[in-house]
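Peer 1: Quick one, fold the following:
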Amino acid sequence: MPAPASFDHASTGYSLERAYWLARAADLAYKDRTTIEQQAAQWGFDQVRHHQTTFTPPFPLQDTQAYTMAGDRMIVTAFRGTEPAQIKDWLSDATTPPWPGPGGNGYVHHGFAEALASVHPAVHDALAELRTDGQTVYFTGHSLGGALAMLAGARLYLEEPHLAADGVYTYGQPRTCDRQLAEAFNKGFGGRMYRFVNNNDIVPELPPEPVFTHVRTLRYIDSHGKVHETMPMLSALGDRARGLTADFLAPASDGVRDHFMRGYLTALEKNLA
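Peer 2: The predicted structure follows:
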């Protein structure tokens with residue numbers, strides 16, 4: 001079926017339609033404030049709050065940005081990601097001691113935790129201000145933004161469970177935390193977290209295991225753009241090999257090409273056709 005014309009503010013639970021529209025919201029986080037506000041209004045969200053923190057060296061990120069848009073029945077906070085060329089920059093502190101996880105559960109990649117800490121008070125205040133009538137709350141983000149969305153969901157669920165989000169959808173998210181935090185998060189939030197990975201996207205393979213790992217639930221997009229809820233390991237390996245050979249002139253570029261947000265949007269829209 002074709003993608004719906006706009007956000008469905010009323011439905012709950014997982015759906016490809018919701019995944020598509022939250023991917024659109026994640027993509028919007030890369031735009032300027034005026035564009036964000038105009039698009040949010042077209043989607044039926046009449047209030048927008050912007051969140052931004054500027055860092056000074058030696059922190060590897062220049063800034064952290066997000067926005068929260070609210071309607072009568074639904075609130076979405078989307079965290080901005082970063083470009084593939086900057087991956088090494090924002091992972092350059094991978095040797096820094098990990099940051100204690102939310103609620104004392106495990107540990108988090110230091111850079112991701114510091115980036116979220118810089119905007120979390122503003123996000124928290126926006127949700128407290130805008131969630132006036134029991135609206136559902138969703139976090140979303142691409143790349144680095146996916147890591148921040150997952151951590152924001154973990155902070156609310158593990159520290160203020162009465163404020164827990166209704167869902168977190170991420171796209172091309174890097175490994176963000178250790179196994180202890182992942183298990184604590186999965187225990188009660190696993191049915192509300194969806195992590196989309198596009199074929200050979202290199203970012204979900206960073207930082208390396210075993211120090212950092214992923215939370216569930218994986219949604220794998222194969223080399224033909226089809227979304228899978230389950231994918232046996234051998235089938236996934238074969239499919240990733242097909243993706244690597246798709247461009248005979250530059251096979252190594254597949255890992256970066258598959259990370260671009262437009263690839264996720266194209267695949268999700270194709271699955272709704």
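
Peer 1: Only alpha carbons, please: show the helix or strand hosting F196 as CSV.
Peer 2: In the assignment (DSSP states H and E), F196 maps to strand 193-198. The C-alpha atoms that make up strand 193-198 are tabulated as CSV, following Å, rounded to 0.1, in the frame of the first residue of the first chain:
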residue,chain,number,x,y,z
MET,A,193,12.7,0.0,20.4
TYR,A,194,13.3,-0.5,16.7
ARG,A,195,16.7,-0.2,15.2
PHE,A,196,16.8,-0.1,11.4
VAL,A,197,20.1,-1.1,9.6
ASN,A,198,20.4,-0.7,5.8
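
Peer 1: Pairing partners for that strand, with directions?
Peer 2: strand 167-171 (parallel), strand 218-221 (parallel) (DSSP bridges).

Peer 1: following the first one, which helix or strand shows up next?
Peer 2: Which is strand 167-171. Heading C-terminal from strand 167-171, the first helix or strand you meet, by DSSP H and E, is helix 179-189.

Peer 1: From the chain's centroid, how far away is that next one?
Peer 2: Centre-to-centre, helix 179-189 and its host chain are 17 Å apart (C-alpha atoms, centre = their mean, to the nearest Å).

Peer 1: how about the strands paired with strand 193-198 in a markdown table, adding mean neighbour count, mean pLDDT and distance to L148?
Peer 2: (C-beta placed from N, C-alpha, C; glycine too.) Formatted as a markdown table, the strands paired with strand 193-198 follow (neighbours: other C-beta atoms under 10 Å; pLDDT from 0 to 100; distance: least, C-beta to C-beta, whole Å):
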| stretch | mean neighbour count | mean pLDDT | distance to L148 |
| --- | --- | --- | --- |
| strand 167-171 | 30 | 98 | 9 |
| strand 218-221 | 21 | 94 | 19 |
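
Peer 1: Figure out which of those is closest to M69.
Peer 2: Each of the strands paired with strand 193-198 has some distance to M69 by C-beta to C-beta; the shortest is strand 167-171, at 14.8 Å.

Peer 1: ok, and what's touching that closest one?
Peer 2: With contact meaning C-beta atoms under 8 Å, 6 or more residues apart in numbering, strand 167-171 is reached by 14, 18-19, 22-23, 26, 136, 138-143, 145-147, 149-150, 152-153, 189, 192-196, 198, 261, 264.

Peer 1: again with stretch 67-76
Peer 2: Under the criterion C-beta under 8 Å, 6+ apart, residues 7, 9-10, 22, 25, 28-29, 33, 36, 40, 43-51, 77-78, 123, 126-127, 130-131, 133, 135-140 lie in contact with stretch 67-76.

Peer 1: Can you flag which of the contacts of strand 167-171 belong to strands?
Peer 2: 136, 138-142, 193-196, 198 (DSSP state E).

Peer 1: Many thanks, I have nothing further to ask.
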